[in-house]
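> Return a 3D structure for these sequence lines:
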Amino acid sequence: MLINGLEYSWSKITFIVAGIPVTRISAINYSDKQEKTNNRGAGSMPVSRSQGAYEATASITLHASEIEALTAAAPNRRLQDIPPFSIIVSYAKPDNSGTATHKLRNVEFMTNGRDIKTGDTLIETELELIVSHIDW
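Numbering: from 1, shown residues only. Coordinates of the predicted model:
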């Protein structure tokens, strides 16, 4: 929603990962989907609809310094061994009337790695997450 020419912006987002504010983050992607199927009966049109499995997916892009700090604190120095946690993403509304908050629940790291390229002035890596569900 556009309000007086203002739009949601990166500078107005805060991230809480496992209860800790995170600032060395470049991106976060998350979505969910619900399987739905048309049920057939007499005639050529569906007669009803069924719902199947729910699935949430997510990834996070962190600066190398953030990944190293998380790795140092992780059991066995493996991000994948960190117990399930929540990620809270809060967007300040453009009109400063409050925030929109999304909660990624029961999050765990699926991957650990580094993505380093010649000429990088900032080393950042996208890490795949597993999520049980998202509170929108």
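> Give me the residues contacting stretch 45-65.
Residues external to stretch 45-65 that are found in contact with it (CB atoms under 8 Å, 6 or more residues apart in numbering): 17, 22, 24-41, 70, 87, 104, 107, 114, 116, 122-134. The C-beta positions use only the backbone N, C-alpha and C, and glycine is treated the same way.
> all strands for the protein, in order.
13-17, 20-22, 25-39, 48-63, 85-92, 99-109, 124-131, 133-135 (DSSP state E).
> Out of these, flag the one nearest residue 76.
Residue 76 sits nearest to strand 99-109 of all those, at 12.5 Å, using CB to CB.
> Pull out the buried residues from the closest one.
104, 107, 109 (16 or more other CB atoms under 10 Å).
> Wait, the first one touches residue 86, no?
Yes: in this structure, residue 104 sits in contact with residue 86. The criterion is CB atoms under 8 Å, and the distance is 6.4 Å.
> Adding distance to residue 76 and mean pLDDT as columns, could you present the strands of the chain in CSV?
Output for these, formatted as CSV (distance: least, CB to CB, whole Å; pLDDT from 0 to 100):
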stretch, distance to residue 76, mean pLDDT
strand 13-17, 19, 87
strand 20-22, 19, 86
strand 25-39, 24, 97
strand 48-63, 19, 97
strand 85-92, 16, 91
strand 99-109, 13, 94
strand 124-131, 17, 97
strand 133-135, 27, 98
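> closest to residue 7 out of those?
Closest among the strands of the chain, once you apply CB to CB, is strand 85-92, at 10.6 Å.
> The closest one pairs with which strands?
Paired neighbours of strand 85-92 in the sheet (DSSP bridges): strand 13-17 (antiparallel), strand 99-109 (antiparallel).
> Include distance to residue 66 when you put those strands into TSV, please.
Below are those laid out as TSV (distance: least, CB to CB, whole Å):
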stretch	distance to residue 66
strand 13-17	9
strand 99-109	12
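> quick one on the thing from earlier: pipe the buried residues of strand 99-109 into TSV and attach distance to residue 74 per row.
TSV is the format used below for the buried residues of strand 99-109 (distance: CB to CB, whole Å):
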residue	distance to residue 74
104	18
107	14
109	9
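> And those, which is closest to residue 82?
The closest of the buried residues of strand 99-109, once distances to residue 82 are taken by CB to CB, is residue 109, at 6.3 Å.
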